[in-house]
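Asker: show me how the following folds:
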Amino acid sequence: MNLSSIRIITANIENLVKFYEEVTGISVKQHTPDFAEINTPTATLAIGSTRTLQLFGGNNVAQPAQNRSLIIEFKVEDVDKDYERLASYLQENIVQKPTIMPWGNKSLLFRDPDGNLVNFFTPVTTEAMARFDSHNRK
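Answerer: Coordinates of the predicted model:
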């Protein structure tokens with residue numbers, strides 16, 4: 001089994017599409033006015049409007065801008081460079097400047113316009129780099 005995608009449900013799809021294009025530098029593929037995707041080599045971040053909830057059983061299935069338990073994580077080449085590139089854009093949405101975590105990743109934490117927590121990280125210790133090398137060989 002492989003994780004294929006994570007989907008964010010939002011009341012303002014245009015705002016999130018613009019935000020994720022800016023922070024990732026990846027063009028978003030907008031399939032319909034209510035559904036878009038950011039494709040990476042390992043997984044996809046999907047963005048759906050609240051109108052798509054009707055396809056999944058109704059408005060009560062998910063609520064936009066209510067997440068407080070999920071972190072959307074992107075492995076980046078150099079988290080310090082991304083911080084320099086994005087600091088003025090993110091401004092008050094930065095939760096934590098680049099910091100080395102106990103498990104060996106250097107992480108930049110920030111919130112998207114809906115309040116979802118986003119982590120840009122770079123493995124920096126030998127152990128962390130080896131862990132990601134082994135993931136790539138599977």
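
Asker: give the contact list for the closest residue to residue 44 other than its chain neighbours.
Answerer: The shortest distance from residue 44 to any non-neighbouring residue, by C-beta to C-beta, 6 or more residues apart in numbering, is to residue 5 (3.9 Å). Where you see a C-beta, it was placed from the backbone N, CA and C, and this is true even at glycine. By C-beta atoms under 8 Å, 6 or more residues apart in numbering, the residues touching residue 5 are 37, 43-46.

Asker: which stretches of the chain form helices?
Answerer: Secondary structure of the chain (DSSP state H): helices located at 13-24, 79-90, 126-137.

Asker: residue 32 is nearest to which of these?
Answerer: helix 13-24 (9.7 Å; C-beta to C-beta).

Asker: give me the angle between the closest one and helix 79-90.
Answerer: 140 degrees (axes from the mean of the first three to the mean of the last three C-alpha atoms, to 10 degrees).

Asker: which residues are in contact with helix 13-24?
Answerer: By C-beta under 8 Å, 6+ apart, helix 13-24 touches 8, 10, 26-28, 30, 33-34, 36, 38, 45, 47-49, 74, 86, 89-90, 110, 112-114, 118, 120.

Asker: please, a ChimeraX command that selects the buried ones among these?
Answerer: Here is the ChimeraX command that picks out the buried ones among the contacts of helix 13-24, judged by 16 or more other C-beta atoms under 10 Å:
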select :8,10,28,34,36,38,45,47,48,49,74,86,90,110,112,114,118,120
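
Asker: ok, the closest residue to residue 96 other than its chain neighbours to residue 83 distance?
Answerer: Distances taken as C-beta to C-beta, 6+ apart place residue 109 nearest to residue 96, at 4.2 Å, with adjacent residues excluded. The spacing between residue 109 and residue 83, counted by C-beta to C-beta, to the nearest Å, is 11 Å.

Asker: swap in residue 32?
Answerer: 34 Å.

Asker: more neighbours: which of these two?
Answerer: Legend: neighbour count by other C-beta atoms under 10 Å for residue 32 and residue 83, higher for residue 83 (18 against 11).
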